[in-house]
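K.L.:
I need the structure of the sequence given here:
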Amino acid sequence: MKLLTVNVGRPMPSEHTEAEGGTGIDKRPVAGPVAVCAPGPAGVGGSGVAGDTVVDLRHHGGDDQAVYAYAREDLDLWQRELGRELPNGSFGENLTTSGVEVTGARIGERWRVGPRVLLEVSCPRIPCRTFQGWLGERGWMKRFTRAAVPGAYLRVIEPGEIRAGDRVERVYRPDHEVTIELMFRALTTRRELLPRLLEAGEALPEVARDVVAKYLARQGG
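P.N.:
Now for the predicted structure:
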């Protein structure tokens with residue numbers, strides 16, 4: 001398991017977002033070591049990757065979405081399906097990985113990247129209009145949702161520097177079965193799965209916990 005590239009984005013105009021300043025979804029691989037640290041709470045902190053820009057702080061960035069990882073294997077599947085090249089960073093991911101089970105990662109699972117950085121799986125990426133507009137694929141949000149291969153947002157537990165080629169090691173895997181895929185389906189197409197998210201315990205982001213609480217209230221639970 002290894003890190004193929006570290007990708008960062010600069011602000012660019014976009015007609016597909018209402019955020020002032022456009023979007024930072026256009027991420028490109030960078031050479032050399034890149035500092036990674038916890039950016040701060042949602043709505044205040046941006047990206048956990050140095051040099052990377054998060055423009056829309058209402059919906060992106062913060063400690064629970066500090067770093068976004070996507071598997072090269074999944075990009076390759078999309079590349080074949082869409083019939084176009086998808087370079088590393090095409091989905092706006094900070095980390096493009098190889099050999100890492102991203103979709104099957106469990107909430108609270110921890111990865112050591114390089115010698116120092118420790119990351120914790122927190123939640124899946126939910127597609128938005130900006131993502132669809134960036135790719136320019138008709139019906140992209142529905143296709144991406146149906147596939148349920150969303151990539152994983154990560155918290156920064158121990159900061160440090162990472163670089164392309166670093167080893168990725170899974171150092172902790174919790175004993176529950178709340179994976180990135182299950183959480184994604186629960187938040188999108190299969191709301192009946194929402195109560196299962198609570199099995200992830202303290203690793204479940206507060207925003208997801210609130211969604212579950214509202215669902216249970218409506219069900220009279």
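K.L.:
and the spatially most central residue of the chain, which helix or strand is it part of?
P.N.:
Nearest to the mean C-alpha position of the chain, by CA atoms, centre = their mean, lies Tyr153 at 3.0 Å. Taking DSSP states H and E as the criterion, Tyr153 maps to strand 152-158.
K.L.:
how far does that strand sit from the chain's center?
P.N.:
On the basis of CA atoms, centre = their mean, to the nearest Å, strand 152-158 sits 9 Å off its chain's mean C-alpha point.
K.L.:
check which residues of it are buried.
P.N.:
Of the residues in strand 152-158, those with enough neighbours to count as buried (16 or more other CB atoms under 10 Å) are Ala152, Tyr153, Leu154, Arg155, Val156. In short, each C-beta sits where N, CA and C put it, glycine included.
K.L.:
which stretches of this structure aren't confidently modelled?
P.N.:
12-24, 55-57, 221 (pLDDT under 70).
K.L.:
in it, which spans are helices?
P.N.:
Ranges of helices within the chain are 72-82, 129-135, 140-147, 180-188, 206-219, based on DSSP state H.
K.L.:
how about residues contacting the fourth one?
P.N.:
Residues outside helix 180-188 that contact it (CB atoms under 8 Å, 6 or more residues apart in numbering) are 102-107, 121, 123-124, 126, 145, 148-152, 193-194, 196-197, 200, 208, 211.
K.L.:
quick one, what contacts the nearest residue to Glu73 once chain neighbours are set aside?
P.N.:
Closest residue to Glu73 apart from its sequence neighbours, by CB to CB, 6 or more residues apart in numbering: Ser98 at 7.3 Å. The neighbourhood of Ser98, defined by CB under 8 Å, 6+ apart, consists of Met1, Lys2, Leu3, Leu4, Ala71, Arg72, Glu73.
K.L.:
go with 6 Å
P.N.:
Going by CB atoms under 6 Å, 6 or more residues apart in numbering, Ser98 touches Lys2, Leu4, Arg72.
K.L.:
one more: Pro127?
P.N.:
Pro127 touches Met141, Phe144, counting by CB under 6 Å, 6+ apart.
K.L.:
how close does Pro124 sit to Val149?
P.N.:
9 Å (CB to CB, to the nearest Å).
K.L.:
these two: which is more packed in?
P.N.:
Between Pro124 and Val149, Pro124 has the larger neighbour count (other CB atoms under 10 Å), namely 27 against 20.
K.L.:
pretty sure that one contacts Pro150?
P.N.:
Yes - look at Pro124 against Pro150 with CB atoms under 6 Å: they come within range, at 4.1 Å.
K.L.:
how about Val117: what's its closest non-neighbour residue?
P.N.:
Leaving aside its chain neighbours, Val117 sits nearest to Gly160 (4.4 Å; criterion: CB to CB, 6+ apart).
K.L.:
was I right about the one you found contacting Leu119?
P.N.:
No - in this structure, Gly160 is not within contact of Leu119 by CB under 6 Å, at 10.4 Å.
K.L.:
the two: who's more crowded?
P.N.:
Leu119 (26 against 16).
K.L.:
against Leu154, how distant is that one?
P.N.:
On the measure of CB to CB, Leu119 and Leu154 end up 4 Å apart.
K.L.:
ok, Gly40 to Gln79 distance?
P.N.:
Gly40 is 35 Å from Gln79, by CB to CB.
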